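In: predicted model and sequence follow; I will ask about them next.
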Amino acid sequence: MIDLKLLQKDFESVSAKLMRKGVDAALLEQVKQKFEELKVAKAEFERLQAAQNAMSKEFGIYKREGKDISELKAKVDANKLLINDAIEVQREKQEELEKIAMAIPNIPDDNVPDGEDEEDNVELKKVLTPREFDFTPKEHWELAETNGWIDFERGVKVATSRFSVSFGMGARLERALINFMLDFNRERGFEEVSVPALVNRRALEGTGQLPKFEDDLYKIDGQELFLIPTAEVPVTNLYQDEILHADELPKRMTAYTSCFRKEAGAAGRDTRGMIRQHQFHKVELVAITTPATSEIIFEQMVSCASDILTALELPHRLVNLCTGDLGFGAAHTTDIEVWLPGQNKYREISSISNTRDFQARRAKIRFKNGKKNELVHTLNGSSLAVGRTLVAIMENYQNEDGSIDIPEVLKPYLGM
RNA sequence: GGACGAGUGGGUGAGUGGCUGAAACCACAUCCCUGCUAAGGAUGCGUAUGGGUAACUGUACCGAGAGUUCGAAUCUCUCCUCGUCCA
């Protein structure tokens, strides 16, 4: 949720920033107007209610003193009718405003580059040089099948398309990666948490997946429960509606979960292999911080994810997402893209975002700053998407005969 | 699945229709006293939002929602959660 007071106060500059992200100017004008209308409606209701409360007090006194109340009762009854109307008006305005405001994305930072889509993202730096192959490197689905690591058909058999099954070393590597990543994050100061894979509507609203992106979520039939699209949702919402002490911050957490996405709108993209699945494993980083330290934590999270890839000796690059590619709740995002020699390009493997107070405002997460309560900043990032890391290992560690070497750091996790 | 009981501020907990946004205690903060390791005193101390430079003040909130009433933490209904007992 954007700061409506700020929008009202600095309408010109805030709306200019939001328009960079493709928000319609007319919509912003509408939000501003609804916000003002709501304030007027509220003031009117409160004025009437104050009168009502005063009269009710008098009523009590009259009764105690045995005075005649019929005149007062008539006044109070008349006022009551006005109040009922005022409540109705206020409720209407509130609903109208919420409907529009909840669908407005976060304000992008000034250093977010303008752009349409991922083509316009700006490379920040490259880490490690891709290896030279003296043969034509294969794509991961081929390697996965020849090694018997991943079975795509059987995933479809027991579920539907975009599901797969890992066997043997493929499955063991996934588990090794999860453990390696969690241990790595823990050493960097992120506390491990284990959270529910089903969440309620309130949680999804808190982090911004709802109301706008319901189509991409799996919903449990007949219940207000959804499968999580990312651990960011349950972990960030752990502190929903709380006022934290400044000395508890920053809270740095890491969680492994499965993630579930319908991938609505991704028809035809990455249909082959395990780049884009309906269910995938991910180790996530989440931080809750004071505004003053959120950028420092952001950098820590980016290095944490990048250093995991470096430890795995996987070449990758960092890119600064442009306005067109920036997610709904993010003020700015750094993506990490891993080198896939089979596809001969860098592909997203991690996405780290600072949402600033956008989620905190929705989820009502605050902290006591001296005497005042202030919204926290929340950040989230993957470290890393497990399936895609496995893909990167297969493609980067492949030999000409199709066999795959095991990264050194994972060997202890595999009893090697 | 059934029966009963409970859900109040950071914590414990009082409060069965107006004098309660809520006693008391603990915790916390500031100040004072004292000084030798632990104690005494004073004051302050919920959240959100509107108005005001401010002092201050309006409104809402006692699990959630709806209702009765001039007036609800308190009465009624529905739901949720937690306990205890039963199947």
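Out: Thanks, I have it.
In: contact partners for A:Gly66?
Out: If a contact means CB atoms under 8 Å, 6 or more residues apart in numbering, then A:Gly66 has no contacts. From N, CA and C alone the C-beta is placed, and that goes for glycine too.
In: which residue does the stretch 151-300 of chain A bring closest to RNA strand B?
Out: A:Ile243 (6.0 Å; CB to the nearest atom of the strand).
In: from RNA strand B, how far off is the nearest residue to that residue once chain neighbours are set aside?
Out: The spatial neighbour of A:Ile243 that comes closest, neighbours along the chain excluded (CB to CB, 6 or more residues apart in numbering), is A:Arg366 at 4.8 Å. As judged by CB to the nearest atom of the strand, to the nearest Å, A:Arg366 and RNA strand B stand 5 Å apart.
In: also A:Lys9?
Out: 10 Å.
In: what about the residue of the stretch 151-300 of chain A closest to RNA strand B, distance to A:Asn373?
Out: According to CB to CB, to the nearest Å, A:Ile243 and A:Asn373 sit 6 Å apart.
In: got it, and A:Ser56?
Out: 32 Å.
In: what does A:Ala264 give?
Out: On the measure of CB to CB, A:Ala264 and A:Asn373 end up 38 Å apart.
In: break chain A into its domains for me.
Out: Chain A breaks down into these domains under automatic domain parsing: A:4-101, A:118-414.
In: highest mean neighbour count across the ones you listed, which stretch is it?
Out: domain A:118-414 (a mean of 19; mean count of other CB atoms under 10 Å).
In: what residues does the stretch 251-400 of chain A put near RNA strand B?
Out: Proximity of the stretch 251-400 of chain A to RNA strand B is confined to A:Arg366, A:Asn373 under the rule CB under 7 Å from any atom of the strand.
In: now the helices for the stretch 251-400 of chain A?
Out: Here the stretch 251-400 of chain A has its helices, by DSSP state H, counting those that start in this stretch, at A:294-311, A:358-363, A:386-396.
In: format the ones you listed as CSV; extra columns: mean pLDDT and distance to A:Asn200.
Out: Putting the helices of the stretch 251-400 of chain A into CSV (pLDDT from 0 to 100; distance: least, CB to CB, whole Å) gives the following:
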stretch, mean pLDDT, distance to A:Asn200
helix A:294-311, 97, 27
helix A:358-363, 92, 12
helix A:386-396, 97, 26
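In: relative to A:Met274, which of those helices is closest?
Out: helix A:386-396 (4.9 Å; CB to CB).
In: and the angle for that closest one with helix A:294-311?
Out: Counting by axes from the mean of the first three to the mean of the last three CA atoms, to 10 degrees, helix A:386-396 lies at 40 degrees to helix A:294-311.
In: just checking, what packs against helix A:386-396?
Out: helix A:140-146, helix A:168-187, strand A:279-289, strand A:332-340, strand A:345-354 (3 or more CB pairs under 8 Å, 6 or more residues apart in numbering; DSSP states H and E).
In: CA atoms of it as CSV?
Out: Presented in CSV, the C-alpha positions along helix A:386-396 are these (Å, rounded to 0.1, in the frame of the first residue of the first chain):
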residue,chain,number,x,y,z
VAL,A,386,16.7,-24.8,-5.9
GLY,A,387,15.5,-26.3,-9.2
ARG,A,388,17.2,-23.6,-11.2
THR,A,389,20.4,-24.1,-9.2
LEU,A,390,20.3,-27.7,-10.1
VAL,A,391,19.8,-26.7,-13.8
ALA,A,392,22.8,-24.5,-13.6
ILE,A,393,24.9,-27.2,-12.0
MET,A,394,23.9,-29.7,-14.7
GLU,A,395,24.7,-27.3,-17.6
ASN,A,396,27.9,-25.9,-16.1
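In: give the contact list for the residue of the stretch 301-416 of chain A found nearest RNA strand B.
Out: RNA strand B sits closest to A:Asn373 of the stretch 301-416 of chain A, with a gap of 3.7 Å, by CB to the nearest atom of the strand. By CB under 8 Å, 6+ apart, the contact set of A:Asn373 is A:Ile243, A:Arg366, A:Phe367.
In: roughly how far does the last one sit from A:His377?
Out: Meaning A:Phe367. 10 Å.
In: give me the common contacts of those two.
Out: Joint contacts of A:Phe367 and A:His377 (CB under 8 Å, 6+ apart) are A:Thr290.
In: how far out from the middle of the chain is stretch A:29-48?
Out: Centroid separation for stretch A:29-48 versus its chain: 31 Å, with CA atoms, centre = their mean, to the nearest Å.
In: also stretch A:338-350?
Out: With CA atoms, centre = their mean, you get 23 Å for stretch A:338-350.
In: do the same with stretch A:298-316
Out: Offset of stretch A:298-316 from its chain centre (CA atoms, centre = their mean): 20 Å.
In: outside of that stretch, which residues touch it?
Out: A:126-131, A:180-181, A:184-185, A:188-190, A:252, A:285, A:287, A:318, A:334, A:336-339, A:346, A:349-350, A:352, A:354, A:379, A:381-384, A:389, A:392-393, A:396, A:407-410.
In: kind regards, and thank you for your time.
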